[in-house]
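**Student:** Sequence below, structure please.
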Amino acid sequence: MALKNIVFTDYSLLQDFFDSFSNSSSTPFDNSNPIIVELDEMMQLNKQLFYISDAIRFEILYITKSVNDLFGLEPEKVTQGFFLTTTHPDDFNRHQLARIKLIGMAQELFVEKKGSRIMCLNVRAKKADGSYFSAFYQAKLFYSKVPYESVFLKLVLTDITNLDYFNNKVYFYNGEDQRFFCYPNNPLFVANNAFTKTELKIIELVEKGLSTKEIADAIFRSVFTINTHRTNIIKKAGKPSMQSVIADLKEKGML
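**Tutor:** Prediction:
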């Protein structure tokens, strides 16, 4: 039966897919597989793509055909580093830092032989026609002994162009709260503070050692405005100082 034209906020189908993959003696990647049929339709209706990979062997195991809708590329042609190459130059460094952190976390989970982690961020991604859209990446790393011992990555990319509360916001999450692995219109995402692009720029300039006056000159704002931003950043991050904010962001892989 065809699915209704609605947004699917629950990602439990992704676990069903992994269970099918883990328990099957033959490949579950058959277009007639009911789970794949439902998964592909879910991704297309949500303007999403999903892939699962071996995060230790750096091998994509499966990707939905909706990658063609978003990037104009056939699933079998997608490689591990492809999505980074689509990132807008202004967002590239942040995306690269997150990717490096993700690889490190996968290795930690493999050594610990247990656990899972969630990482989320938004960047601008380039379509096949050269235009950019707002992309939200949600990565779930988890250790598993099936179908063989490794750390696997379930990744969902969502076109969030029409989700207003992400506009002009730089969103990032790195932690163990499984609630963040759901469609990003959940109130949880709204409540979780994200920096504006201006705030992130100020953080980056502070990290580089610039004074308040130098930052004001660099981004064409008054010293008063920069000081207001600094106060708001500290309050939003729940930290005692800008240096504490910077240290926290570095630990999470955002700086």
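
**Student:** and the closest residue to residue 123 other than its chain neighbours, what element?
**Tutor:** Leaving aside its sequence neighbours, residue 123 sits nearest to residue 91 (C-beta to C-beta, 6 or more residues apart in numbering; 4.0 Å). Where C-beta positions appear, they are placed from N, C-alpha and C, glycine not excepted. Using DSSP states H and E, residue 91 sits in helix 89-112.

**Student:** hang on, the earlier thing: the residue nearest to residue 123 - how many residues pack around it?
**Tutor:** Other residues near residue 91 come to 18 when the count uses other C-beta atoms under 10 Å.

**Student:** if we can go back for a sec, check which residues of the helix holding residue 91 are buried.
**Tutor:** 91, 94-95, 97-99, 101-103, 105-106, 109-110 (16 or more other C-beta atoms under 10 Å).

**Student:** tell me how far it is from the chain's mean position?
**Tutor:** 11 Å (C-alpha atoms, centre = their mean, to the nearest Å).

**Student:** again with stretch 147-158
**Tutor:** 13 Å.

**Student:** likewise stretch 102-113?
**Tutor:** Using C-alpha atoms, centre = their mean, the mean C-alpha position of stretch 102-113 is found 17 Å from that of the whole chain.

**Student:** So which residues of the stretch 51-200 of the chain form helices?
**Tutor:** Under the criterion DSSP state H, counting those that start in this stretch, helices of the stretch 51-200 of the chain are mapped to 67-71, 82-85, 89-112, 187-191, 197-207.

**Student:** And the fourth one, what's buried?
**Tutor:** Of the residues in helix 187-191, those buried under the neighbour-count criterion (16+ other C-beta under 10 Å) are residue 189.

**Student:** if we can go back for a sec, which residues are in contact with the helix holding residue 91?
**Tutor:** Under the criterion C-beta atoms under 8 Å, 6 or more residues apart in numbering, residues 55-56, 84, 87, 115-117, 119, 121, 123-124, 137, 139, 141-143, 150-151, 153, 170, 172, 174, 252-255 lie in contact with helix 89-112.

**Student:** Give me the mean pLDDT for it.
**Tutor:** For helix 89-112, mean pLDDT rounds to 96.

**Student:** now swap in stretch 242-255 and tell me
**Tutor:** Rounded mean pLDDT across stretch 242-255 is 91.

**Student:** how far is it from where the chain is centred?
**Tutor:** So, by C-alpha atoms, centre = their mean, the centroid of stretch 242-255 is 18 Å from its chain's centroid.

**Student:** Residues touching that stretch, excluding its own?
**Tutor:** Residues from elsewhere that reach stretch 242-255 (C-beta under 8 Å, 6+ apart): 94, 97-98, 100-102, 104, 119, 121, 172, 174, 203-204, 206-207, 230, 233-234, 237, 239.
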